[in-house]
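[1] Give me a 3D structure for the following:
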Amino acid sequence: MLADIWTIFWRDWVVLKHRLAAFILSRMVAPLLYLVAFGWGLGRSINAGGASYLDFLVPGILALNSMNISFNSVTPVHAERVYHKSIEEYLIAPIWPYAYVVGKVLAAVLRGLISSAIIVVLAYAFGAHFTLTPLFVLVLVMNCAIFAEIGFFASMKLKTYEQMGQMNTYVLLPMSFLCGTFFSPHALPDAVRWAVEVLPLTHASYLLRGLGSGAEVSLLSAAVLALYLVAGFWLGGRAFVHLRQ
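    You can find the predicted model right below:
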């Protein structure tokens, strides 16, 4: 089982290794814009409860960025299934079916963590103050894994490239702005806030912001992320097994 997972992961790592410089440079653009526009520009006129808005913003950017990178790192599986048909190599290979899911998710987590490390370096360079702890990194890993699993499940179920694009438009984009990344969801109307509170990015933002500032964090948020992590793995694995049948 571990050998199967390593084989899937290693294939993606080899591809990433040859493109690592371009990957790192491209992942610096969006965080720089967020930090300049919101951290320096808009942030100087915002009162974040006596703290710097930049300190409030950085955990949200980390949650947002790790979501997008992890989700989009897995979506090439959709092209392999629908257009290239290369996924059939894995379907007939003598590997544990769930190893393919785990290997792809781990590769996406690696990309998400590399991109997050870039943001951390940039944030410190901009003067942000937050604490990196093992629990902080664990929440980042969980957030990456959850959205990689969502991306994998979508890749197994959606039929066209346009539908994959609609996932970004109708799912990821609203979460990017509403799930506690740039402002607290408590400022939203009750009906919208209740809907936002069930989404994983909201709880990832809560946990990262609390752990980064040393504040008390909610065990409920940790439980929500754990539930999404298990459910995403089960759904993605079932979808891949169904494809093999």
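
[2] Need the nearest residue in space to the residue most central in space within the chain, chain neighbours excluded.
    In the chain, the residue lying closest to the centroid (Cα atoms, centre = their mean) is residue 67, at 2.2 Å. Residue nearest to residue 67 in three dimensions, not counting chain neighbours: residue 147, with 4.7 Å by Cβ to Cβ, 6 or more residues apart in numbering. All C-beta spots, glycine's among them, are computed from the backbone N, C-alpha and C.

[3] where are the low-confidence patches of the protein?
    Applying pLDDT under 70 to the chain flags the ranges 39-51, 244-245.

[4] need the contact list for the residue nearest to the centre of the chain.
    143, 144, 147, 172, 175, 176, 201, 204 (Cβ atoms under 8 Å, 6 or more residues apart in numbering).

[5] which one among those residues gets closest to residue 234?
    Top of the list for closeness to residue 234, among the contacts of residue 67 and by Cβ to Cβ, is residue 147 at 15.7 Å.

[6] before we move on, the earlier item: among the contacts of residue 67, which one sits closest to residue 106?
    Using Cβ to Cβ, residue 144 is the member of the contacts of residue 67 that lies nearest residue 106, at 9.4 Å.

[7] tell me the contacts of that closest one?
    66, 67, 69, 70, 108, 109, 112, 113, 116.

[8] that older thread, what about the residue nearest to the centre of the chain, distance to residue 2?
    For residue 67, the distance to residue 2 equals 28 Å [Cβ to Cβ, to the nearest Å].

[9] Now do residue 128 against residue 33, distance only.
    Residue 128 is 15 Å from residue 33, by Cβ to Cβ.

[10] neighbour count winner among these two?
    residue 128 (21 against 10; other Cβ atoms under 10 Å).
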